[in-house]
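S.K.: Sequence and computational prediction follow.
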Amino acid sequence: MPADAVVSLRSAGVTFSSGPPWDRESLDAVGTVDLDIHRGETVGLVGESGSGKTTLGRVCLGMQPPSRGAVLIDGAPFDGHRGRLRGRLQIVGQHPEWALNPRLRVGTSVAEPMAIMGIGTRAEHRKRVGVMLEMVGLEASLAGRFPHQLSGGQRQRVAIARSLITDPSFVVFDEVVSALDMSVQAQILNLIKDIQAAQGFAALFISHDLAAVRYVAHRVAVMLDGDILEIAPSERFYGRPAHPYSRQLQAAIT
Ligand SMILES: Nc1ncnc2c1ncn2[C@@H]1O[C@H](COP(=O)(O)OP(=O)(O)OP(=O)(O)O)[C@@H](O)[C@H]1O
Ligand SMILES: [Mg+2]
């Protein structure tokens, strides 16, 4: 294993069971996945709806225990005690409104991960919130507003600021631009790309949108029915994908 893998999956898989006990159904949402995501790297994860992308992201974060295989963080087995790692592993989702409490001022929500971890004084929180809001292209004064007083794009920026305030070493972006209109999508993608380059965290960028993935990802992984069919550097993936399914996916958007 390369020394700088932040997150590693070793034959990791997830089986969900559903239905009543007399008619149990099980589904391998994630089959058997091996994956290393390195410091400073963004891995794009594409695949059709239901192929297991979000479940795989949750496994990487320790939010979903694998049914088999192992998750390593910095090369050490991740035992699922999220508290110890809290703040180091973060997620940004499609709906920033779910990450932001509607009754809290934006500044309080952005500072929350620091407060939960018990880092810093209130004055330090306020200062760092200002720095983070400016980093995501917002004015520090927005800290005093409530989420409903922001646009969708601004809310997504706030959610990104909140996720990055503890300086995480790994971030999952799950369909972060899907709910935004095209011009705002481009701004948010630029932002993610710039911040990732500056901060050097490892990232998993999940999206249906192959063009968005092409823009931000260093490598691209293609998922189908719970398994990774192909993983390749972006230039190669977009130049000549190896797997027929990858070619099919690309043909579908051009
Ligand atoms: N908690 C759960 N319990 C049972 N089945 C689940 C659970 N979470 C996900 N699944 C199933 O696992 C499969 C993979 O779901 P997942 O959300 O990972 O897909 P996805 O690739 O992220 O899809 P989308 O692109 O629509 O977000 C789906 O068939 C889904 O119904
Ligand atoms: Mg999903």
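M.R.: Okay, I see it. Ligands and ions are numbered 1, 2, ... in the order given.
S.K.: Was I right to think A221 contacts L45?
M.R.: Yes. Applying C-beta atoms under 8 Å, one finds A221 in contact with L45, separated by 5.1 Å. In short, each C-beta sits where N, CA and C put it, glycine included.
S.K.: Between the two, which is the more surrounded one?
M.R.: L45 (28 against 25; other C-beta atoms under 10 Å).
S.K.: got a list of contacts for the helix or strand containing the more buried one?
M.R.: Element membership of L45 [criterion: DSSP states H and E] is strand 42-46. With contact meaning C-beta atoms under 8 Å, 6 or more residues apart in numbering, strand 42-46 is reached by 35, 37, 53, 56-57, 193, 196, 202-208, 210, 213-214, 216-223, 231, 234, 249.
S.K.: switch to 6 Å and redo it
M.R.: 37, 53, 196, 203-206, 210, 213, 216-222 (C-beta atoms under 6 Å, 6 or more residues apart in numbering).
S.K.: so which two of those are the farthest from each other?
M.R.: Q196 and V222 (20.9 Å; C-beta to C-beta).
S.K.: Check the secondary structure at the most centrally placed residue in the chain for me.
M.R.: When C-alpha atoms, centre = their mean is applied to the chain, the residue found nearest the centroid is V172 (1.4 Å). Recorded secondary structure, V172: strand (DSSP: H, G, I helix; E, B strand; the rest coil).
S.K.: What lies in contact with the following helix or strand past the strand holding L45?
M.R.: The C-terminal neighbour of strand 42-46 among helices and strands, as given by DSSP H and E, is helix 53-60. Helix 53-60 is contacted from outside by 7, 12, 14, 29-30, 45, 47, 64, 66, 172, 174, 204, 206, 223, using C-beta under 6 Å, 6+ apart.
S.K.: Can you narrow these down to the ones near ligand 1?
M.R.: Near ligand 1, taking C-beta under 6 Å from any ligand atom as the test, the members of the contacts of helix 53-60 found are 29, 47.
S.K.: With pLDDT and distance to I73 as extra columns, can I get the contacts of helix 53-60 in a markdown table?
M.R.: Below are the contacts of helix 53-60 laid out as a markdown table (pLDDT from 0 to 100; distance: C-beta to C-beta, whole Å):
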| residue | pLDDT | distance to I73 |
| --- | --- | --- |
| V7 | 95 | 6 |
| A12 | 97 | 13 |
| V14 | 98 | 17 |
| A29 | 97 | 21 |
| V30 | 97 | 18 |
| L45 | 98 | 18 |
| G47 | 94 | 24 |
| Q64 | 92 | 14 |
| P66 | 95 | 13 |
| V172 | 97 | 13 |
| D174 | 96 | 19 |
| L204 | 98 | 13 |
| I206 | 97 | 19 |
| M223 | 97 | 21 |
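S.K.: With that, I have no additional questions.
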